[in-house]
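>>> any chance you could fold what I've pasted below:
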Amino acid sequence: MNTDYIGLKRALEVQGVNIPSYNAVIIGAGGAARAAAFMCGTCGVRGLVILNRTVQKAVDLAGDVKKAFPWMNVSAMPLSDAGKVPFENFLAIQCTKVGLAPDNAACPVEDAAFYQKLAVAFDCIYNPEKTAFLQRAANTGKKAIGGIDMLTYQAIASFEAWTGKEISNEMADGIRTELSAFIREQNRPKNVVLIGFMGSGKTTVGAKLSKKLGMKQIDLDAMIVEDARMPVTEIFRKEGENGFRRRETKILQKLIEDGTRDCVISTGGGIVVQEENQPLLKALGTVVLLEVSPDTVVRRLGKDSTRPLLQGPDRVRKVRTLLVRRQNAYARSADFTVDTNAKTADEVADEIIRRTIG
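The predicted structure follows:
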């Protein structure tokens with residue numbers, strides 16, 4: 001019994017997809033792709049294109065499908081030609097591991113023309129629930145279905161085959177809900193640590209993330225101020241930048257020693273300058289770099305006089321110089337980067353959630 005075949009068919013049908021009414025495009029040529037191709041043939045799909053990086057594997061699979069379903073129009077194409085598939089309003093079934101957690105940002109097809117042509121996108125991947133592939137399809141207004149339903153019905157098919165007991169639709173819905181909750185909880189980062197230049201939105205985005213994820217927000221600068229019993233500007237005046245950086249290290253070490261969990265941690269813009277802080281940040285959780293341009297920094301900060309490193313004339317030049325100086329340290333410290341220049345705090349927070357939990 002092939003549970004891939006059963007799970008995929010039932011997952012599509014439950015989502016209201018009339019399989020034989022579409023031509024289909026399958027991405028991949030492995031075991032899941034084979035099950036998907038033979039499901040298409042069994043259901044009466046008339047036209048099928050198989051896309052794969054290694055074209056010969058797609059050709060071989062297409063040949064096997066053609067032997068089983070001689071009436072079917074089956075062809076193979078390189079994945080790089082995805083935008084040139086000869087169908088309109090087709091069913092796309094993504095069967096590769098591209099986009100599987102933790103590589104959530106990866107996408108098997110980059111060509112925008114592909115997403116404009118399709119009608120329904122299905123991804124066999126269930127972790128994350130909404131892959132980059134599905135997100136791109138949804139962004140073009142197309143129906144996007146994740147692999148959690150396929151996983152659910154694969155499990156149900158196995159259970160029914162072994163026990164002879166039938167699972168009701170109501171029970172299936174409950175199983176799906178439990179599976180989804182379990183996967184999201186497993187993906188939940190220990191902490192989300194926000195790094196980036198001043199004005200990148202770490203505190204604002206941190207507040208949004210905290211609310212959306214139900215996690216406590218920690219502002220590292222606020223902790224330093226409380227510990228030192230004086231404002232940041234005063235610390236810089238009395239202890240210099242090196243003194244402030246040592247205080248940052250001390251706070252990071254304390255958070256780790258205390259076993260801090262389920263927090264969104266907003267850091268100071270220069271925390272990566274102290275090299276010993278970089279592994280400490282990673283030890284705390286998933287580190288997200290909020291990227292920002294010099295012009296955006298100056299626009300957002302306006303005439304803010306509380307930033308010790310930006311005092312005096314020609315602020316744009318100072319920002320650009322500091323950004324260049326810190327660029328490599330930011331890159332070494334971050335698990336991934338989000339460009340914040342043209343996004344609202346809510347949009348940035350939603351992207352972080354998608355790329356961590358899914």
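>>> can you give me the helices in the stretch 201-350 of the chain?
With helices called from DSSP state H, counting those that start in this stretch, the stretch 201-350 of the chain shows them at 202-213, 220-228, 232-257, 277-284, 294-301, 315-333, 345-356.
>>> which residue, neighbours along the chain excluded, lies closest to Glu291?
Spatially, and ignoring its direct neighbours in sequence, Glu291 is nearest to Asp339 (4.8 Å; CB to CB, 6 or more residues apart in numbering). All C-beta spots, glycine's among them, are computed from the backbone N, C-alpha and C.
>>> against Gly41, how distant is the one you found?
43 Å (CB to CB, to the nearest Å).
>>> re the thing from before, mean pLDDT and distance to Gly63 added to the helices of the stretch 201-350 of the chain, as a markdown table?
Shown next, in a markdown table, are these (pLDDT from 0 to 100; distance: least, CB to CB, whole Å):
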| stretch | mean pLDDT | distance to Gly63 |
| --- | --- | --- |
| helix 202-213 | 92 | 48 |
| helix 220-228 | 90 | 60 |
| helix 232-257 | 89 | 56 |
| helix 277-284 | 89 | 48 |
| helix 294-301 | 75 | 54 |
| helix 315-333 | 82 | 46 |
| helix 345-356 | 90 | 38 |
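>>> compare the ones you listed and give me the one nearest Asn139.
Nearest of the helices of the stretch 201-350 of the chain to Asn139, taken as CB to CB: helix 345-356 at 11.8 Å.
>>> mind giving me the packing neighbours of that closest one?
Packing contacts for helix 345-356, counted by 3 or more CB pairs under 8 Å, 6 or more residues apart in numbering; DSSP states H and E, involve helix 202-213, strand 286-291, strand 336-339.
>>> any chance of these in a markdown table, plus mean neighbour count?
Output for those, formatted as a markdown table (neighbours: other CB atoms under 10 Å):
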| stretch | mean neighbour count |
| --- | --- |
| helix 202-213 | 20 |
| strand 286-291 | 24 |
| strand 336-339 | 17 |
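>>> what's the closest of the ones you listed to Pro86?
Among those, strand 336-339 comes nearest to Pro86, with 35.3 Å by CB to CB.
>>> so which helix or strand of the protein has the lowest pLDDT on average?
helix 294-301 (a mean of 75; mean pLDDT, DSSP states H and E).
>>> quick one: buried residues of that one?
For helix 294-301, burial by neighbour count (16 or more other CB atoms under 10 Å) applies to Pro294, Thr296, Val297, Val298, Arg300, Leu301.
>>> same thing with stretch 257-267?
Buried residues in stretch 257-267, counted by 16+ other CB under 10 Å: Thr260, Cys263, Val264, Ile265, Ser266, Thr267.
>>> could you single out the nearest of these to Gly47?
Lowest distance from Gly47 to those (CB to CB) belongs to Val264, with 48.0 Å.
>>> brilliant, that's me finished.
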